[in-house]
Structure formats: C-alpha cells, structure tokens
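>>> I would like to see how this sequence folds:
(one chain, ligands or ions: 1)
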Amino acid sequence: MTATLHNQQYRLAARPVGLPKASDWQTTSEPVREIGDGEIVVKALYLSLDPAMRGWMNEGKSYIRPVGIGEVMRAGGVGVVVASKSPKFAVGEYVSGGIGVQNFWVGAADDKTANFFKIDPRMAPLTTWLNTLGMPGMTGYFGLLDVGQPKAGETVVVSGAAGAVGQTVGQVAKQLGCKVVGIAGGKDKCDFVVNELGYDACIDYKNGDVREGLKQYCPNGVDVYFDNVGGDILDTVLTRINMKARIVICGAISQYNNTTPVKGPANYLSLLVNRARMEGMVVFDYGARYPEGIAAIAKWMKEGTFKSREDVVDGLDKFPEALLMLFEGKNFGKLVLKVGEA
Ligand SMILES: NC(=O)c1ccc[n+]([C@@H]2O[C@H](COP(=O)([O-])OP(=O)(O)OC[C@H]3O[C@@H](n4cnc5c(N)ncnc54)[C@H](OP(=O)(O)O)[C@@H]3O)[C@@H](O)[C@H]2O)c1
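Below you'll find the model as predicted:
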C-alpha cells in the first residue's frame, strides 16, 4: 500500500564549522516501507525550521542528544496520517510531532521521540500549529510565565521580538498588563511588533543603539528580560535591570555559529547588585502542559487579541538555504518549510 510512496530525506553528512554549508547535508531517497501492527505513516506537510537545529548538529552534551552523522535531520512538523495500523491515529487525521527533514515519517504511533499528537486545522491554519500554537509558542508562554513571572505593570523586554518565540512572549505579556518593549532587526519588523502585535515600543538594534533605546522606552528599568539572542544585547540589557529582575535564558542565536567561544555576559555582576536572577528554560520540560498553553493562546486568538505570523518557504529542496535565513534575520515570522499537500 505504501510502497508507491517515495521519501526524500536530508541527512547530516558532517558537523558544520560556523554556518552550515551544502556539503554538511546528504540527500537520500527511498520507498516508504510497509507498516506493521501499531505503526503509522505520516506525510509531512510543513516542517518547522528552528535555530535550535544548529545546536543539534554539534557534538557534545546538551539537553537533547546530537543528530548522528548519517541520520535524518531532526525537525518538528505537521502532517497527515496516510497509512495506519494503530487505533491511536486514523488515516486523514492531522498530527504534529518530530517528523524530521523528509517527506514521510514511518514508525510506531506511540513513538516517544516523534511524540505525535492530533491537531485541529479548523481551529487554526496548519502553520500556526508550528508557531504560536506549537513549540515556539509553548516556549514563549511557559518561559515567560514560569521563569519570567511577570506582574501587571512591570516592564518586559523581549529580543528576537518579531520571531516565533518573540511573537508569543510579547503578546502574552500584553495580555497580562505589562509594558512590553521589543528588540528586533530593521524598521519593518519593529513596525510589525508595535502595530500588529501590540508591543508598546521596539528597538531596532540594526539601526539604533540598544542602550539608548532602553533608556528611552524603559525609563523605570527592566523587570523581565526574555533573551532569545544572547551576546552584546544580553550584556546591554543587564545594565538596565531592576531590583529582583528575572532574565529568561531561552536562546542565544547570535552565538550559535561562532567559531570562537560563546561570548558570555561581561555585566553579570548586575545580577548581584540587583539581587536578580538569570535562569535557563527548555520547552521540552513543558511537554505535559502543552494543552494548557495551547488552550490559553487559542482562546486569545479566537477573541482576536493574539496574532500569529509565519514565513513559508516552498519545497523540501530549499531546506539548506532556508535554514540559513534564521541566522541572517531573513525570516519574517516563524520560518516553516512547505513540503507537501494534504
Ligand atoms: N529554550 C527553548 O526551549 C527554546 C525553544 C525554541 C526556541 N528557542 C530559542 O529562541 C530563540 C528564537 O527562536 P525562534 O524560533 O523564535 O527564531 P526566530 O526569532 O523566528 O528567528 C531567528 C531570528 O533571530 C534573529 N537573529 C539572528 N541572528 C541574530 C543576531 N546575531 N543577533 C540578534 N538577533 C539575531 C533574527 O531576527 P532579527 O531580524 O530581529 O535580527 C532572526 O529572524 C532562538 O535563540 C532559539 O534557539 C529556545
């Protein structure tokens, strides 16, 4: 039944030094095998391209094991079940999970790594399930609420503000009654953050001075900083934090392709002076609470007070170059790769 389906895959060929290049990938192609009891075939429709993929390509200890050389590149995605010998999923149902950079995922319906769950395309477009209702949304939602612990009236600063995680963080903080200031690259992204997402202000770090922007837009200091970028911006925000400020270390995209050691914050003693704390978070720790985060954001979306912007690139063969868009700031919204039709 499935033997006529053809699966193209992107496998990791080499561990990149700096930005990933074409030779770090190998493409393979194989027919989809027949499935046994308890197994399903998921046809990939959209794949999630994430900054974290760069880290998964490195060797070494992290919060998840590295992708092995020769393995299909890890990627979240949404797809449709096209074959099933499991009571868990029926043919035609839409799912989200760890599909990988390929056209078809084949395996046990209850595979713990792929971790598929049903999604409802009537509730929101499929791409939104990779954005505000997906992993980045849950990162922003739980990272802000659990680690950032913002209170109404406090000032929240978010870097990577126009991106997938940033969109959620800022909008959740607005829902809570915080003052929200974004940091993003370029006028278009800053305009979007303020005019569409409802941030109070946005600092264009590519065309302006972050320190001056913080002085102007956060005259009472910063209570919560949600850090998506690390590096110089983290260092600068540290000089403006308030007593008992909370800094959420979500990511450090400015450092992911370094060929020199990661640049740590020189201004960390500001934590001491202000009795502040800096805490890392990994979204996978919140897997069991996804329904709670999805329900909250879906409610706001239904009420029309929460937006979701995705940037869709068409074609599995665009994967290597599309991934680089993240590190050049070329994506405008959550970056997804369209790889199939339902
Ligand atoms: N901890 C977790 O569980 C978890 C989960 C998901 C994501 N994350 C992290 O969250 C961060 C945002 O991820 P995302 O999926 O939402 O990506 P994204 O913001 O949608 O896309 C990446 C953006 O990062 C910005 N950027 C790239 N290079 C930069 C640099 N050198 N300095 C400052 N900004 C730079 C660019 O925006 P501009 O044009 O504005 O520069 C780019 O568009 C990443 O660090 C990611 O690793 C963490």
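
>>> contacts, neighbours, all on C-alpha from now
Noted.

>>> In a helix, Leu324, correct?
Yes: assigned with DSSP: H, G, I helix; E, B strand; the rest coil, Leu324 falls within a helix.

>>> Burial check on it, number of neighbours?
Other residues within reach of Leu324 by the criterion other C-alpha atoms under 10 Å amount to 18.

>>> Next: the one 5 residues further on.
Other residues within reach of Gly329, judged by other C-alpha under 10 Å, total 15.

>>> That one and Gly185 touch, don't they?
Yes: Gly329 is within contact range of Gly185, at 7.2 Å (criterion: C-alpha atoms under 8 Å).

>>> Tell me how far Thr132 lies from Phe327.
Using C-alpha to C-alpha, to the nearest Å, Thr132 is found at 20 Å from Phe327.

>>> These two - which one has more neighbours?
Thr132 (31 against 17).

>>> There's contact between that one and Val169 in this structure, I believe.
No: if you go by C-alpha under 8 Å, Thr132 and Val169 don't touch, sitting 9.6 Å apart.

>>> which residues does Glu39 form a beta bridge with?
Beta-bridge pairing of Glu39 under DSSP bridges involves Ala108.

>>> And the one 5 residues further on, by the same measure?
Each beta-bridge partner of Ala44 is listed here, defined by DSSP bridges: Gly79.

>>> and the next element down the chain from the longest helix along the chain?
If you go by DSSP state H, the chain has its longest helix at helix 290-303. Under the assignment DSSP states H and E, the closest C-terminal helix or strand after helix 290-303 is strand 310-314.

>>> Could you list the residues in contact with that following strand?
Contacts of strand 310-314 from elsewhere in the structure, counted by C-alpha atoms under 8 Å, 6 or more residues apart in numbering, are 127-128, 131, 164, 322, 331-339.

>>> Could you do stretch 60-67 as well?
By C-alpha under 8 Å, 6+ apart, the list of residues contacting stretch 60-67 from outside reads 12, 55-59, 73-74, 282.

>>> Now find how far off-centre stretch 273-290 is within its chain.
Relative to the chain's own centre, stretch 273-290 is displaced by 15 Å; criterion: C-alpha atoms, centre = their mean, to the nearest Å.
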